[in-house]
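This is a predicted model, with the sequence first.
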Amino acid sequence: MGKNLSPEEMEVYNAIDEILWRDWDPIGVNNMPGARDEYHNYLPHIFRLTIEGKNAEHISSSLVAIIEGSIGLASSKEHCLKVARKIVGAKNNIIG
């Protein structure tokens, strides 16, 4: 991440990592243990948005942009919004 995270920030970071892996998984690899780091490149950006207090709609737009722009697949805006709400909820449960 480039800086030392507080314990709460680290918990949020790890929660987002798990949500991206388990719930977002746009390429469908979360059943392959060897691919566990597949979404790590996107994690710092989504973490930063979350810590900055961006809302679920903003985070969802970033998830959609990653799928369509970086990964090159069609996305479900509804699914990305659901995932973004989980991310915001996790942050709120940990930090408030």
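The structure has been received and is ready for your questions.

pLDDT score for K3?
Looking at K3, its pLDDT stands at 73.

For it, the count of nearby residues, please.
The tally of other residues near K3 (other Cβ atoms under 10 Å) stands at 5. All C-beta spots, glycine's among them, are computed from the backbone N, C-alpha and C.

For it, list the residues it contacts.
By Cβ atoms under 8 Å, 6 or more residues apart in numbering, the contact set of K3 is empty.

Quick one: classify N31 as helix, strand or coil.
coil (DSSP: H, G, I helix; E, B strand; the rest coil).

The closest residue to A35 other than its chain neighbours and Y42, how far apart?
When the adjacent residues along the chain are set aside, A35 lies closest to V29, with 4.0 Å between them (Cβ to Cβ, 6 or more residues apart in numbering). Here the distance between V29 and Y42 works out to 13 Å (Cβ to Cβ, to the nearest Å).

Those two - which one has more neighbours?
More neighbours surround Y42 than the other of V29 and Y42, with 20 against 14 (other Cβ under 10 Å).

And the residue lying closest to the more buried one once chain neighbours are set aside, how far from L43?
By the measure of Cβ to Cβ, 6+ apart, the closest residue to Y42 outside its immediate chain neighbours is I66, 5.3 Å from it. In this structure, I66 lies at 11 Å from L43, with Cβ to Cβ as the measure.

So which of these two has more stuff around it?
In this view I66 and L43 are compared by other Cβ under 10 Å, and I66 has more residues nearby, 21 against 17.

In this structure the more buried one contacts N41, no?
No - the criterion here is Cβ atoms under 8 Å, and I66 misses it with N41 at 9.1 Å.

What is the neighbour count of the closest residue to P26 other than its chain neighbours?
Leaving aside its sequence neighbours, P26 sits nearest to I67 (Cβ to Cβ, 6+ apart; 4.7 Å). A total of 21 residues lie near I67 under the criterion other Cβ under 10 Å.
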